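>>> predicted structure and sequence below. I'll ask about it afterward.
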Amino acid sequence: MKRFISALCLSVLLFSVIKVQAQVPKLNSFPAATATIFLDFDGQTVSSPFWTATPFYATPANLTNDQITKVFNQVAEDFRPFNLNITTDSTVFFAAPAGRRQRIIITEYSQWYGNAGGVAYNPSFRWTQDVPGFVFSNLLRIYYPAILEKAIAEAASHETGHTLGLDHQKVYNSSCGLVTEYNPGVGSGEIGWAPIMGNSYRRNLSLWHNGTALSCASGQDDLSIIAGNTGVGYRTDDVGNTRSQAAAIQFSGSAYSTSGYINSTNDIDMFRLNLSDRGRLTVNAVPYNVSSGFESANIDIQVELTTQNGTVIRVFNPTSSVQAVADTTLDAGTYFLRVSNVGNVNTTNYGMLGNYTISGSFQSGNILPVYDLNLSARIDNEKHQLDWNIIADEPIENIRIEVSVDGKTFTSLQDINGSLRKFVYQPFEKSTLYYRLHVITASQLKYYSNIVSLRAVNGRKKYNITTNFINSSSIVVNSNGNYNWRLIGINGHVYSSGRLNNGANRIEADALTSGMYLLQVIDGTEISTEKLIKK
């Protein structure tokens with residue numbers, strides 16, 4: 001149950017359901033699956049001592065077909081990794097065997113129950129009696145009018161999770177005291193995260209979670225519990241995990257497009273590129289989403305470009321976006337794109353499962369005369385200093401310094417002479433700034449550098465990291481106090497730990513391999529996390 005929802009466990013009693021038909025689009029996410037979740041939008045008369053002593057009519061959801069389709073797509077994506085069909089078709093529901101099906105009624109009638117986003121029995125999916133769960137669209141319309149479809153979808157996935165055996169993902173303090181029944185998650189924007197079995201209405205990345213549920217010492221592995229239901233399990237992987245199993249990317253002219261899905265936390269999808277000539281390759285890997293801002297995406301994507309023998313050429317993983325974009329020049333040969341999910345500053349990669357697409361183009365010839373452009377950055381006396389190297393076949397006519405506050409939308413900061421290799425800037429903003437170079441060659445070819453980020457030094461913060469990109473042998477942390485720290489990998493492995501002292505601190509990073517790391521700074525029971533990228 002989502003309250004603005006606890007699972008209920010009562011004795012099993014017989015009940016009857018009388019269906020009132022209405023016109024709803026008939027949608028199925030995985031028709032081959034036997035296990036079925038029925039999203040019922042068109043009104044329902046329910047007679048069940050599980051819920052009330054007398055029958056009641058659950059009115060229709062009062063949604064357009066477009067809204068129903070959007071809700072369906074979001075719920076279907078949440079359950080994409082499983083051998084489970086999400087449907088809006090009652091005939092499909094009734095064809096599924098008892099004990100492997102669940103009805104979720106989306107209704108505007110909530111007065112019989114109370115102030116909640118929805119309610120369901122745990123674990124009614126396994127029962128042989130068809131005990132429905134509910135989502136109350138009328139209350140969600142009041143509390144979340146601007147994100148109504150997302151709110152209904154979040155509640156539907158949450159209540160379905162209860163029927164499959166899940167309890168709430170809770171938050172406890174260091175003394176095992178309950179802080180909140182519903183883990184609200186952390187962060188904002190594309191990578192803001194919360195558990196589906198917590199309070200996920202306003203977080204973009206709403207995922208299944210492995211966290212605390214019944215008590216502070218009781219963990220709940222959502223994925224294993226869902227997959228453990230009879231007749232569910234995981235879908236078969238669609239793309240091989242190794243170079244020998246890689247799917248070949250087929251070009252249509254200079255363009256290509258393909259897709260896949262990440263079906264387990266450690267799933268890796270490999271794609272093979274056969275290039276007959278030197279040229280420019282672009283890659284855009286995007287998780288499934290339903291609207292602008294990658295709304296309801298379930299994966300933060302990382303793409304690694306490797307050689308035929310597996311040597312990593314570059315890793316593409318923007319720090320504040322769930323998509324991965326690449327633009328590079330390659331010689332003729334065989335290359336691989338290694339697609340995976342990846343943790344970010346808000347959460348690990350657990351539960352980042354679902355569909356994605358990869359598209360782009362390849363233009364043969366010496367299209368990019370610049371072989372290498374590497375931008376680095378640091379803070380010196382509260383000024384941002386940018387340095388870069390350029391290796392090119394022809395002169396650089398102009399370099400434009402571009403800046404962004406979100407890592408996505410860049411504006412021009414300064415145009416400088418193509419011979420310069422350094423730029424110093426005194427920022428007025430007191431937040432993280434992102435920089436990149438827009439370079440124009442003598443033949444008027446244009447391209448961009450890598451993106452770097454710098455944090456403005458703010459005395460009110462406990463500490464500041466000069467950059468989230470590790471380009472040297474150490475990480476520089478300016479601390480306003482004494483705090484413990486630890487450097488961990490995405491898999492949870494602790495690489496090093498120590499204590500920050502007031503002033504400038506250096507954390508050795510020379511032994512770290514390329515990839516993403518998390519720096520955790522600990523002040524008593526408060527832990528803050530910074531995402532770091534080692535090239």
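Alright, I've got the coordinates.
>>> for the helix or strand encompassing residue 158, packing partners?
Assigned by DSSP states H and E, residue 158 belongs to helix 148-163. Where contact means 3 or more CB pairs under 8 Å, 6 or more residues apart in numbering; DSSP states H and E, helix 148-163 is packed against helix 65-78, strand 101-107, strand 118-119, strand 133-136, helix 137-143. C-beta here means a position set from N, CA and C on the backbone, and glycine is covered the same way.
>>> contact partners for the closest residue in space to residue 74 that isn't next to it in sequence?
Nearest non-adjacent residue to residue 74, counting by CB to CB, 6 or more residues apart in numbering: residue 153, 3.6 Å away. Each residue near residue 153 by CB atoms under 8 Å, 6 or more residues apart in numbering is listed here: 70, 71, 74, 75, 78, 296.
>>> how near is the second one to residue 154?
In this structure, residue 71 lies at 10 Å from residue 154, with CB to CB, to the nearest Å as the measure.
>>> in its sheet, what does whichever strand or helix holds residue 283 sit against?
Assessed by DSSP H and E, residue 283 sits inside strand 279-287. Partners of strand 279-287 in the sheet, by DSSP bridges, are strand 324-330 (antiparallel), strand 354-364 (antiparallel).
>>> distance of the closest residue to residue 131 other than its chain neighbours from residue 217?
Nearest non-adjacent residue to residue 131, counting by CB to CB, 6+ apart: residue 124, 4.3 Å away. To residue 217, residue 124 is 27 Å away according to CB to CB.
>>> ok, residue 204 next?
Remark: distance between residue 204 and residue 217 (CB to CB) = 30 Å.
>>> looking only at neighbour counts, state which of the two leads.
Neighbours per residue, other CB atoms under 10 Å: of residue 204 and residue 217, the larger number sits with residue 204, 23 against 8.
>>> okay, domains of the chain per the record?
16-227, 243-364, 370-454, 463-534 (automatic domain parsing).
>>> could I get those in TSV, plus columns for distance to residue 237 and mean pLDDT?
TSV is the format used below for those (distance: least, CB to CB, whole Å; pLDDT from 0 to 100):
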stretch	distance to residue 237	mean pLDDT
domain 16-227	10	94
domain 243-364	6	92
domain 370-454	31	83
domain 463-534	20	81
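>>> take the ones you listed and write them to JSON lines, including distance to residue 236.
Below are the domains of the chain laid out as JSON lines (distance: least, CB to CB, whole Å):
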{"stretch": "domain 16-227", "distance to residue 236": "9"}
{"stretch": "domain 243-364", "distance to residue 236": "8"}
{"stretch": "domain 370-454", "distance to residue 236": "35"}
{"stretch": "domain 463-534", "distance to residue 236": "25"}
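>>> mind checking which of those is nearest residue 233?
domain 16-227 (4.9 Å; CB to CB).
>>> wait, residue 239 sits on residue 271?
Yes - with contact defined as CB atoms under 8 Å, residue 239 counts as touching residue 271 (7.2 Å).
>>> so what sits against both of these two?
246, 247, 339.
>>> residues touching the second one, list them.
Listed by CB under 8 Å, 6+ apart, the contact set of residue 247 reads 239, 240, 258, 260, 269, 270, 271, 272.
>>> and the first one, what does it touch?
It refers to residue 239. By CB under 8 Å, 6+ apart, residue 239 lies in contact with 245, 246, 247, 260, 269, 270, 271, 339.
>>> so which strand or helix has it?
Applying DSSP H and E, one finds residue 239 in no helix or strand.
>>> neighbours around the residue nearest to it when sequence neighbours are not counted, how many?
For residue 239, ignoring the flanking residues on the chain, the nearest one in space by CB to CB, 6+ apart is residue 269 at 3.8 Å. Residues lying near residue 269 (other CB under 10 Å) number 26.
>>> residue 258 is in contact with residue 269, correct?
No - counting by CB under 8 Å, residue 258 is not a contact partner of residue 269; they are 9.6 Å apart.
>>> picking that back up, so what secondary structure elements neighbour whichever helix or strand comes after the strand holding residue 283?
Following strand 279-287 in sequence order, the next helix or strand is strand 301-306 (DSSP H and E). The contact analysis (3+ CB pairs under 8 Å, 6+ apart) places strand 301-306 against strand 279-287, strand 312-316, strand 324-330, strand 333-341.
>>> select, out of the ones you listed, the one closest to residue 463.
Each of these was scored for nearness to residue 463 using CB to CB, and the closest is strand 312-316 (26.0 Å).
>>> so which bits of the closest one are buried?
Buried positions in strand 312-316, judged by neighbour count with 16 or more other CB atoms under 10 Å: 315, 316.
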